[in-house]
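Enquirer: based on what follows, work out the 3D shape:
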Amino acid sequence: MVKTKVFQFKTPRAKKIKVKTLQTTFEAGVPEQLEIPGMIQGKPCGSLLEWRCALALDRLGFNFEYQFEIMGGWAMRGGQSIDFLIWTTPLPTPLQPMGTYWHGTIRLSETMLKVAVANQYFKGWAQPVLVIWEHELMSTDMAYRTLRKYLLRR
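Expert: Okay, the predicted model is just below:
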């Protein structure tokens, strides 16, 4: 439904003013390209950030494992799952994309503790956990540039 906005003045100028029409968001349409996360290595994607990282890693040509479980994974108390284990040389790189809603502000200390535990677990056979925040992964192209910057300089 198009809403019309009419300005009325009590002068002869009123006849010269054109009626402006406003479109609602629904009528304006949705963007042509909506990002819908799919499956990553046969597993359902956990978030849009993970989906963008997977697309960027694929575009960069890196081999990786999705949802790499350490210390027993989610089945064991104290275990966790690293979102990506990227097979870089000379050592693999664990990658954790973090959204500010789930990992920022209130839960930041818990998140940093989990990263420290993962760093201790990987010590000696992998690089430190690479944490990338949501503001660096706002689009697929931005994720590509960010991962290229972090992974190809190591």
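Enquirer: following the chain onward from the helix or strand hosting residue 95, which element is next?
Expert: Using DSSP states H and E, residue 95 sits in strand 93-98. Tracing the chain C-terminally past strand 93-98 and defining elements by DSSP H and E, one meets helix 100-103 next.
Enquirer: can you give me the buried ones in that following helix?
Expert: The neighbour-count check on helix 100-103 (16 or more other Cβ atoms under 10 Å) flags residue 103 as buried. (Each C-beta comes from the backbone N, C-alpha and C, glycine too.)
Enquirer: do stretch 60-71 as well
Expert: For stretch 60-71, the neighbour count (16+ other Cβ under 10 Å) marks 62, 64, 66, 67, 68, 70 as buried.
Enquirer: could you pull out the strands for the protein?
Expert: 3-5, 20-22, 39-40, 43-44, 64-70, 80-86, 93-98, 130-133 (DSSP state E).
Enquirer: what comes into contact with the third one?
Expert: Residues from elsewhere that reach strand 39-40 (Cβ atoms under 8 Å, 6 or more residues apart in numbering): 45, 50, 51, 54, 66.
Enquirer: ok so, going back, sheet-wise, list the partners of the strand holding residue 95 with their directions.
Expert: strand 80-86 (antiparallel), strand 130-133 (parallel) (DSSP bridges).
Enquirer: got the CA positions of the longest one in PDB?
Expert: What follows is the C-alpha trace of strand 80-86 in PDB, where atoms were taken according to Å, rounded to 0.1, in the frame of the first residue of the first chain:
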ATOM      1  CA  GLN A  80      34.500 -27.700  23.500                       C
ATOM      2  CA  SER A  81      34.300 -27.500  19.800                       C
ATOM      3  CA  ILE A  82      36.500 -25.200  17.700                       C
ATOM      4  CA  ASP A  83      34.600 -23.900  14.800                       C
ATOM      5  CA  PHE A  84      37.400 -24.300  12.200                       C
ATOM      6  CA  LEU A  85      40.700 -26.000  12.200                       C
ATOM      7  CA  ILE A  86      42.500 -24.700   9.100                       C
END
